[in-house]
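Trainee: Below is the structure, and that's it, no one-letter string:
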């Protein structure tokens, strides 16, 4: 995954977020942040999730038969 246009501070915060080994550790890390950093961490989390979803959607377009199976499962 490659996210462009981040500030040095955002990259540093993302590096710390990636170092978390579990959701619990991530949530504990978030609680150590100040209010502004906490908001930024949540923004970055959403950005990573959206980027992951975007990558998954690209994969589904490249594999139409797999996409059909997934769509069939989702609508049962």
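Mentor: Sure thing, it's come through. What you see is a predicted model, and the numbers here were worked out from it, not measured in a lab.
Trainee: Which secondary structure element of this structure has the lowest mean pLDDT?
Mentor: Lowest mean confidence among the helices and strands of the chain (mean pLDDT, DSSP states H and E): helix 64-74, at a mean of 73.
Trainee: okay, now residue 8: neighbour count?
Mentor: Residue 8 has 7 neighbouring residues, counting by other C-beta atoms under 10 Å. (Glycine included, C-beta is placed from N, CA and C.)
Trainee: Ok, residue 41 next?
Mentor: 19.
Trainee: Is it in contact with residue 30, as I believe?
Mentor: Yes: the pair residue 41 / residue 30 is scored as a contact, 5.6 Å apart, by C-beta atoms under 8 Å.
Trainee: Give me the distance between stretch 23-30 and the centre of its chain.
Mentor: Chain-centre distance of stretch 23-30: 14 Å, with C-alpha atoms, centre = their mean, to the nearest Å.
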